[in-house]
Structures are given as structure tokens and as C-alpha cells.
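Visitor: Model the following, please.
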Amino acid sequence: MRKMVFLPALAIVLLMAACGGEEVVEIPREVEVPTYTIEQFLKTTSIFGGSLNPDESKLLVTSNESGIFNVYYIDLATGERTAVTESEETTFAVSYFPNDERILFTRDKGGNEINHLYLLGTDGTITELTKEEKAKEQFYGWAYDLNSFFTGNNGRDMRFFDLYEWDLETLEPALFWQNDVGFFPSGISYDKRWIVLYQPITDTNSNLFLVDLQNGGETQLITEHEGFAAYNFTDFSVDSAYLYYTTTIDGEWATLERYYLETGEHEVVYAPEKWDVGYAYFSRNGTYRVIGTNEDGYTKIQVIKTETGEPLEMPELPEGMISGVGFSRSEQKMLLSVGGDKMPGNIFLYNLESGELKQLTDNLNPEINAEFLVAGEVVRYEARDGLEIPGILYKPLMASAANKVPMLVWVHGGPGGQSRPRYSAMMQFLINHSYAIYAVNNRGSSGYGKSFLAADDLKHGREPLWDCVDAKEFLKTYDWVDPEKIGIMGGSYGGYMTLAALTLVPEEFAVGVDLFGISNWVRTLESIPPWWEAQREALYSEIGNPETEREMLLAISPLFHADKVVKPLMILQGANDPRVIKEESDDMVAAIQERGGIVEYVLFEDEGHGFTKNENRIEGYNKVLAFLDKYLKGIVEEEEAEAETSEETN
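Guide: Numbering: from 1, shown residues only. Alright, predicted model coming up:
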């Protein structure tokens, strides 16, 4: 803890008897608000996962408590965590085996996203199951009979994922289905007869196909439609009679529907009046159905008893949002993921028979008092063309009309992503250091209807960017915001928006912080990872085609407007990023330096598209804070000020 900030608050309440009653008199005093270091914020552990061992006494999880994500298990009786792997590479838990305590896990190398699958034996030996060095292997789940599991592997053709079935005894993969159609395998029915394939067309238009393995692999389109409608697979019924999916065929919002495999009939299952159904799935025996909706960025969960249609009574939980629910194979235990802006995601175990609720993790660093963290508020403004734009506003506790603070317009990735209420160490670190944040959901964000999602197609560098500028103007209306100190920051597509702001509208924002953002759309679209081939055309319909729309893409690419940069810029990049390659940042930095502009560059040799190692995050986030303190707050370090004074004297 570095220092204490004091702010006035009405904190002392005296109860005084007067006229036969009680009068509440509030007396202001100074409240101490601690300022925490990034090291303290990153001691807040990220723990997630949900695979129970066969006797349901242990829970397999992924945790970064060592500073790098590795595999652990939690003893459900004692709550103690035990490390299973101790790798220097980011490692994620996949699952216990269904009948013994062998473990599957996955890792890549330095963030290159070429994940391989590994087996940890009960004797502690580790076997790499993925044979081809350059192949990417994805776990697709256990067969319902629990005698095998499925993976997707692109070793045969780097563009497409074939399906393999692995026998649990021999651990030898057998080709289950060869992907010659080029779509994404999304699910396998419980009787292993049907495979569902996903075909992305645009960000608001897609199809589902069925492969019938009993009829020679016949592939059938089951979502024929006119106009634009998104279809996404969610689950098969346990008896393999129905395929469940979400779709926007009936309007702006995604509803839950099902397809009867025998007759080809479609039926609406759940259609909320507003907001999207994000996902739906069944417990192992189909006793419960879980439906998650995205309501203004907040996840709302329903657990339904399928036999009666009645909702399952959920346990009382501490403040926070349930973001996920999982059931044990016995259907006697339920795992809940709960979190929010001020509460990092925690895992709770609910025993459906006894009614006992147990909190398995308490991830917030005890050195940090949650009372001094900040919860966001959904705030909307009107863009210049009248479109209503939502976002989440985070106001530092010390901000007031008498103590104005700088503001950051925070742009999410995607482009079709969405800023949602969640705990972010980086956000809370900056807020705690007196930076307000507005996480804008500019047009093109998901969660606000398919028209809003499509509103940025082929308009990048224009309307979505103007939304950010309009957000800045809106934020100036708050009397606690310093109107001259508003910057822009984001990662991936949000990084592109940051670069676009400093090149295409160079006077609008005071500073920019770009995390692995695109500087040259032509190169990025031409260098997408090979396993993205099935969505290439969807990317082109969203951003632009580098063959037929090259001039447009060059016009909105920040690299070719670097001479216009007049505001300070910081760029952070992972050297192994397969999505936004290192050259995107290298070239942008060189172009600005060549013209004498202010740019700071932080490159991590062992990271990819996002930073997962705490050592790197500490370095990077501290440098971001120092950059913002210097160029947005205008704080000059003592040594630098002395040097400048000395130069002036000489």
C-alpha cells in the first residue's frame, strides 16, 4: 500500500433524542481511502473451472496464484488447494477422467494459441497427446457412455478441425469425422449419430448444418432462412431427439429454440421480451436446464426442472452476479461462478440434497478492502446521429466537483465484443489511482440487438470511432471529470480504436493506450491464423475484403496516418500474438518515432494476444500508470523535473 487519500464523507451518525423522538444528525469526517499497488491487485487470484473427480470429493480448477496459470484441485471437505502442474507456460485444466483420477489439461507456447492436449497420469507422469507440433487440439467433451472423449484437431489441414474419438484405455485417437466442408464442429449428439456444424456468414448471419453419421455422413442445412439471422448451437437433449439453439430469426433478440431431429420441426422454447439468450444446456441426465440471458450486460440465470418446468430455488449468495452454473454427474451438486465489479469470480458449491452452500474460493487479496473498489453504473448517451449508446461508468471514490479526475474511454475487443460488469485488476488499479473509466459499448457491440451489432459493418474508423468521440463529449458534462484530460484505451479491436483515434481524429483525445491493436487492416486480414479460415468471409463482411476493398482498408488503417499523431501514445504487445502480429505494433512505433512523436513501447517476448503472466502484467500495468500520470495527469517525476530544471539552467 503506497499512500492514503482522504475525502469527505458523511460517516458519523449520532442519534439524539428530541421532542420525544429520534433525530438523525450526520457529521462529515475524513475517510481514509487506501491507494493500492498493482502487485496487491494481482495478488487477487483468478480461479476457475468445474470438473469433479469420480467420487465428487475434488474439484479440478485453473489458478494463477503462483503468478502463472496452472492446474490445481480443491479438496471439497477441507477447501485446501493443491497444485497439479507447475509449468512456466500458461496451463489450463480440462477435466478429470470419468472413472479414475487421470487429468486432461492444455497449454500453448508463449501465447501462440497452438494448444496441445496433455494427460497427467495417476502416477504423476505427463504425456503429450497431441502428436503434430503445429496442430491445434481442442477438447470437445466426453461421450455419454464415458468410455471415450472427443477432440478437434487441425493437423491434417491447418484450416479445418477434424473430429477424433479417443478410447480411454488405449488413448489412441480414431478419426470420427473428416471436415471437408470447412465449417466449425459445434457439438455431438449423445448417441453419437449427429454432428452439428456452425457456418458464420456475417456477424449477424449464420447457419447450422447437421451431419448424419448413420446415413454416410449426409450433411443437411437445418436453418434455411431469408435475410439476416444468427444461429448458435447450445445442446442436444439427452435422448438425442432434439437439437437446441439460439437464433435471432424472429427479431432483434436471440431466443432459445429446438429442432426435432426426426421430423425437422422447429419450436420456440424460451423467448424473453428483450435481451439475448446467451446459452442453454442440460445437466447430465436432463433433470435440469440452465438458461443464461444477457440483460444490459448482466448475466441472469434460470435453472429449470425439466419434468415440471418449475424453477429450481437457488441459494442465497453474497453480492455478485451468477455467471455460470454446472452440475455434477450425479446431479446432486451444483457449482456456481459468482462475481462482479468489486468481487472477483468465486466458486460456490451447493448440495441439492442437503441445501448446504459452501464457498470454495475467496479470491480477493485480503490486503484490499472491497469497500474501496468501485462498481460500475450503466449509463447511456446519444450519439451525433441520434443512436443511443450504452456503457459502464466507473467513478473514483475521490472524484468530486472540487476534485476533478481524468477520464479514460475504454474500448472493448471484438469488434463484436461487449464491456460487461466484471472484476478487472487493471481497471480497479487505474480507478484506485484516480482515473475514471467509461467502458463504451459503441455501435457494433453485442448484447443490444442484431441491428446494433451490424451497425458498424464496413464503417470502422468512422461511426464506431465517432461514438467514442461523442462519449468523450458526453463525459465532459459530469462536473467531477476534468474535460481537458480525457484519453482513450483498449485492447485488440479496442487497441485499433485507440490508434484510429490518435490518427484519424488526432486532436480529440489527450492520450492513447493501445494493447495489441491493429495498425494495418490489410496485413491483419491477410495474416489471420489458418484455423480461422471458416470465418474469413465473415471477417471480410465485417471489416472489408483486402482484395476488393483494399483502398478503403488502407484509408482506415492507422499506420498510414501516423504522421498525424500529435498526442502521446503507449503500445503494449505480445511477441507471439497470432491474431495481431508483432509487426502491427513495431511498424506503428517506428512510424511515430521517425516523425518525432511521443510513443512508448512495451513488448513481452513470452506473451500472445493478451497477457497472462503476473510478472509481465505488473510491469505493463505499472508502465501504463506511469505513462498516464505523466501525460494525462501531468505529473512529472521528481528526478525528471530536476533534470529539466538543470537543462534550463545550463
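
Visitor: Lowest mean pLDDT among the helices and strands, pick that one out for this structure.
Guide: Using mean pLDDT, DSSP states H and E, strand 3-18 stands out as the lowest-scoring helix or strand of the chain, at a mean of 34.

Visitor: Which residue is the nearest non-sequential neighbour of residue 260?
Guide: Distances taken as C-beta to C-beta, 6 or more residues apart in numbering place residue 242 nearest to residue 260, at 6.0 Å, with adjacent residues excluded. Heads up, the C-betas are built off the backbone N, CA and C, glycines and all.

Visitor: okay but the one you found is in contact with residue 259, surely?
Guide: Yes - at 6.6 Å, residue 242 counts as touching residue 259 under the criterion of C-beta atoms under 8 Å.

Visitor: domains of the protein?
Guide: Domain assignment of the chain by automatic domain parsing yields the ranges 3-35, 182-312, 374-638.

Visitor: Lowest mean pLDDT across the ones you listed, which one is that?
Guide: Ranked by mean pLDDT, those end with domain 3-35 at the bottom, a mean of 43.

Visitor: for stretch 443-450, how far is the first residue from the last?
Guide: 11 Å (C-alpha to C-alpha, to the nearest Å).

Visitor: Buried residues, the lengthiest helix in the chain. List them.
Guide: Counting residues, the longest helix found in the chain (DSSP state H) is helix 614-628. Buried positions in helix 614-628, judged by neighbour count with 16 or more other C-beta atoms under 10 Å: 614, 616-621, 623-625, 627-628.

Visitor: Which strands and helices lie in contact with that helix?
Guide: On a contact count with 3 or more C-beta pairs under 8 Å, 6 or more residues apart in numbering; DSSP states H and E, helix 614-628 meets helix 38-42, helix 425-432, strand 512-515, strand 569-574, strand 599-604.

Visitor: chain center to that helix, what's the gap?
Guide: Mean C-alpha position of helix 614-628 versus that of the full chain (C-alpha atoms, centre = their mean, to the nearest Å) differs by 20 Å.

Visitor: Other residues contacting it?
Guide: Applying C-beta atoms under 8 Å, 6 or more residues apart in numbering, the external contacts of helix 614-628 come out as 38-39, 42, 64, 67-68, 406, 408, 425-426, 429-430, 433, 435, 487, 511, 513, 568, 570, 572, 600, 602, 604, 606-607, 611, 637.

Visitor: Walking through the stretch 301-450 of the chain, point out its helices one by one.
Guide: All helices of the stretch 301-450 of the chain, identified by DSSP state H, counting those that start in this stretch, fall at 425-432, 450-454.

Visitor: May I see those helices organised as JSON lines, with distance to residue 234 and mean neighbour count added?
Guide: Shown next, in JSON lines, are those (distance: least, C-beta to C-beta, whole Å; neighbours: other C-beta atoms under 10 Å):
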{"stretch": "helix 425-432", "distance to residue 234": "30", "mean neighbour count": "24"}
{"stretch": "helix 450-454", "distance to residue 234": "18", "mean neighbour count": "20"}
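
Visitor: residues touching the closest residue to residue 180 other than its chain neighbours, list them.
Guide: Excluding the flanking residues, the one nearest residue 180 by C-beta to C-beta, 6+ apart is residue 160, at 7.7 Å. Residue 160 sits next to 154, 179-180, 182, 531, 533-534 when contact means C-beta under 8 Å, 6+ apart.

Visitor: coming back round to it: show me how to select, in ChimeraX, the buried members of the contacts of helix 614-628.
Guide: A single ChimeraX command selects the buried members of those (16+ other C-beta under 10 Å):
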select :38,42,64,67,68,406,408,425,426,429,430,433,435,487,511,513,568,570,572,600,602,604,606,607,611
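
Visitor: Against residue 450, how distant is the closest residue to residue 602 other than its chain neighbours?
Guide: Take residue 602 and drop its neighbours on the chain: the residue closest to it by C-beta to C-beta, 6+ apart is residue 572, 4.6 Å away. The spacing between residue 572 and residue 450, counted by C-beta to C-beta, to the nearest Å, is 33 Å.

Visitor: What of residue 100?
Guide: Distance, residue 100 to residue 450, using C-beta to C-beta: 46 Å.

Visitor: and the closest residue to residue 394 other than its chain neighbours, how many neighbours does it have?
Guide: Setting aside the residues directly before and after it, residue 394 is nearest to residue 437 in space (C-beta to C-beta, 6+ apart), at 4.4 Å. Using other C-beta atoms under 10 Å, residue 437 has 25 neighbouring residues.

Visitor: How about residue 384?
Guide: Counted with other C-beta under 10 Å, residue 384 comes out at 11.

Visitor: so it sits right up against residue 470, yeah?
Guide: Yes - the criterion here is C-beta under 8 Å, and residue 384 meets it with residue 470 at 5.6 Å.

Visitor: where do the helices sit along the stretch 501-650 of the chain?
Guide: 521-526, 536-542, 550-555, 582-594, 614-628, 638-649.

Visitor: Dump those helices into a markdown table; add distance to residue 210 as well.
Guide: What follows is the helices of the stretch 501-650 of the chain, written out as a markdown table (distance: least, C-beta to C-beta, whole Å):
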| stretch | distance to residue 210 |
| --- | --- |
| helix 521-526 | 31 |
| helix 536-542 | 20 |
| helix 550-555 | 36 |
| helix 582-594 | 39 |
| helix 614-628 | 43 |
| helix 638-649 | 65 |
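
Visitor: out of the ones you listed, nearest to residue 294?
Guide: With C-beta to C-beta, the closest approach to residue 294 among these belongs to helix 536-542: 20.0 Å.

Visitor: got a list of contacts for that closest one?
Guide: Applying C-beta under 8 Å, 6+ apart, the contact partners of helix 536-542 are 200-203, 206, 415-416, 456-458, 525, 528, 532, 546.

Visitor: at 6 Å instead, please
Guide: 200-203, 457 (C-beta atoms under 6 Å, 6 or more residues apart in numbering).

Visitor: What strands flank the helix or strand in which residue 278 is found, and is each parallel or antiparallel?
Guide: Using DSSP states H and E, residue 278 falls within strand 276-282. Note on strand 276-282: by DSSP bridges, its sheet partners are strand 288-295 (antiparallel).

Visitor: Buried residues, the strand it pairs with. List them.
Guide: For strand 288-295, using 16+ other C-beta under 10 Å, the buried residues are 288-294.

Visitor: wait, what's in contact with the residue lying closest to residue 535 once chain neighbours are set aside?
Guide: Leaving aside its sequence neighbours, residue 535 sits nearest to residue 200 (C-beta to C-beta, 6+ apart; 4.6 Å). Residue 200 sits next to 206, 535, 538 when contact means C-beta under 6 Å, 6+ apart.
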